[in-house]
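K.L.:
Give me a 3D structure for the following:
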Amino acid sequence: MANENVTVRLVQKHDYQFDVHFGGAAPDLRADEPPPLGQGQGPSPLQLLAAAVGNCLSDSLLFALRKFKQQPEPISCEVTCEVGRNGEGRLRVLGIAATLTLGVPAEALEHLERVLTSFETYCTVTQSIAQGLPVRVSVLDAQGAVLK
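P.N.:
Residues are numbered from 1 along each chain as shown. A predicted model of the protein is given here:
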């Protein structure tokens with residue numbers, strides 16, 4: 001995907017509801033603001049941002065582990081966007097925290113330390129966002145042990 005542009009198309013459906021068209025075989029998605037602006041009939045822009053970060057980190061971790069023929073499934077990820085007011089009093093994302101959880105105990109995976117030191121560098125979305133705001137990433141194994 002090097003040097004390739006990604007384009008999505010949004011079309012207003014009603015008030016703050018937009019249908020998001022990704023093209024190709026990807027299904028469309030309805031996005032909406034939560035009340036009182038919108039009706040909450042789909043994910044908000046903040047939720048889409050959090051989902052993009054979590055999805056990219058999860059993909060990067062899975063890819064890095066599979067390079068060593070490891071099976072960490074099922075991986076799960078929880079992402080929190082810290083929202084607050086900036087100096088001008090406008091709402092902004094002040095930081096993002098992501099916690100990835102492997103589906104197996106750490107002992108079941110080889111080369112885990114090497115993977116944990118490098119997988120984030122392959123996450124296009126997170127690395128791009130981290131240029132503008134802090135992104136904290138944690139990794140746990142299936143037993144809840146903090147690995148990173």
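K.L.:
Can you check the pLDDT for Ala2?
P.N.:
On pLDDT, Ala2 comes in at 64.
K.L.:
What is the burial count for the residue nearest to Glu33 when sequence neighbours are not counted?
P.N.:
Distances taken as C-beta to C-beta, 6 or more residues apart in numbering put Tyr16 closest to Glu33, at 4.1 Å, once the chain neighbours are dropped. Using the backbone N, CA and C atoms, a C-beta is placed for each residue, glycine as well. Tyr16: 19 surrounding residues under other C-beta atoms under 10 Å.
K.L.:
give me every residue that touches Tyr16.
P.N.:
In this structure, Tyr16 makes contact with 32-33, 37-39, judged by C-beta atoms under 8 Å, 6 or more residues apart in numbering.
K.L.:
Can you give me the distance of it to Ala50?
P.N.:
Note on Tyr16: its distance to Ala50, by C-beta to C-beta, to the nearest Å, is 18 Å.
K.L.:
In three-state terms, label Phe119 for me.
P.N.:
helix (DSSP: H, G, I helix; E, B strand; the rest coil).
K.L.:
Let me fix that, I meant to ask about Gln12.
P.N.:
Recorded secondary structure, Gln12: strand (three-state DSSP).
K.L.:
My read is that it contacts Val20, right?
P.N.:
No - Gln12 is beyond contact range of Val20, at 11.0 Å (criterion: C-beta atoms under 8 Å).
K.L.:
neighbour-wise, which of these two wins?
P.N.:
A count of neighbours by other C-beta under 10 Å puts Val20 above the other of Gln12 and Val20, at 17 against 9.
K.L.:
Got phi/psi on the more buried one?
P.N.:
Here is the backbone geometry of Val20 (degrees, to the nearest 10): phi -100, psi 120.
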